[in-house]
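[1] below are the sequence and a predicted model for it; my questions follow.
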Amino acid sequence: MKLTPYVDNLRREFLATAAATGEEPHALAERLLASLDASVRLTLLEVLSAATDEISREFAPGSVDIRLQGLDPSFVVTQAPAEAVPEDMPAPSATDPQGEGVPARINFRVPGPLKTRIEEAARQSGLSVNAWLVRAVNDTLHTAPSHPQRRPSSGQRHVTGWVR
């Protein structure tokens, strides 16, 4: 994706606004534009990066990443591997009235050191943190042994174990 047309358009708009106010402001705008070019590009990259993060959250366990090639960004789309999606999970569809299979949002808080380990594991896997977490939870749920259900309490309390 080329950022230059967008930066050039912003430059034209800025100069047109300055020209409408007189010759001196127009000359000042010309001098300011040289230093604003890098700031505008960086701001556009931040917007694109935030957009790819949001898209990746909705696209999980797939992901969308942004990479810088020279001065221009490019997008890398990683599809979810077939084994990351449970067989019994219906595919998202616009005609899915019950919302089954449609990604849902969960707020997840972890201690700082664990967050660092998660980010490193995701990076090593070549995934976004969200995609890595979805895959890890999915793998855990599909490989975890089933636990017996607790019986409802009958009002009596029983204690078992060792006492010293």
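    Thanks, I have the structure now. The structure presented is a predicted model; accordingly, all values stated were derived computationally and were not measured. Residues are numbered from 1 along each chain as shown.

[2] so which bits of the one helix or strand residue 123 maps to are buried?
    Secondary structure from DSSP states H and E places residue 123 in helix 112-125. Within helix 112-125, the residues scored as buried using 16 or more other C-beta atoms under 10 Å are 118, 122. (Glycine included, C-beta is placed from N, CA and C.)

[3] quick thing: my sequence starts at 42, can you match it?
    Okay, using 42 as the starting number, the last item reads as helix 153-166.

[4] give me the contacts around it.
    For helix 153-166, contacts defined as C-beta atoms under 8 Å, 6 or more residues apart in numbering pick out 151, 169, 170, 172, 173, 174, 176.

[5] please repeat the previous calculation with a cut-off of 7 Å.
    151, 169, 170, 173, 174 (C-beta atoms under 7 Å, 6 or more residues apart in numbering).

[6] wait, which of those residues is closest to residue 45?
    Closest approach between these and residue 45, by C-beta to C-beta: residue 169, at 27.6 Å.

[7] if we can go back for a sec, quick one: mean pLDDT for the helix holding residue 164?
    The average pLDDT within helix 153-166 is 89.

[8] counting neighbours, which bits of stretch 62-79 end up buried?
    Neighbour-count burial for stretch 62-79 [16+ other C-beta under 10 Å]: 70, 74.

[9] what is the top helix by length along the chain packed up against?
    Using DSSP state H, we find that the single longest helix of the chain is helix 64-100. For helix 64-100, the helices and strands in contact under the criterion 3 or more C-beta pairs under 7 Å, 6 or more residues apart in numbering; DSSP states H and E are helix 45-61, strand 104-110, strand 113-119, helix 170-184.

[10] Serialize those to a markdown table and add fields for distance to residue 158 and mean pLDDT.
    Converted to a markdown table, these look like this (distance: least, C-beta to C-beta, whole Å; pLDDT from 0 to 100):
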| stretch | distance to residue 158 | mean pLDDT |
| --- | --- | --- |
| helix 45-61 | 38 | 86 |
| strand 104-110 | 19 | 83 |
| strand 113-119 | 21 | 85 |
| helix 170-184 | 11 | 82 |
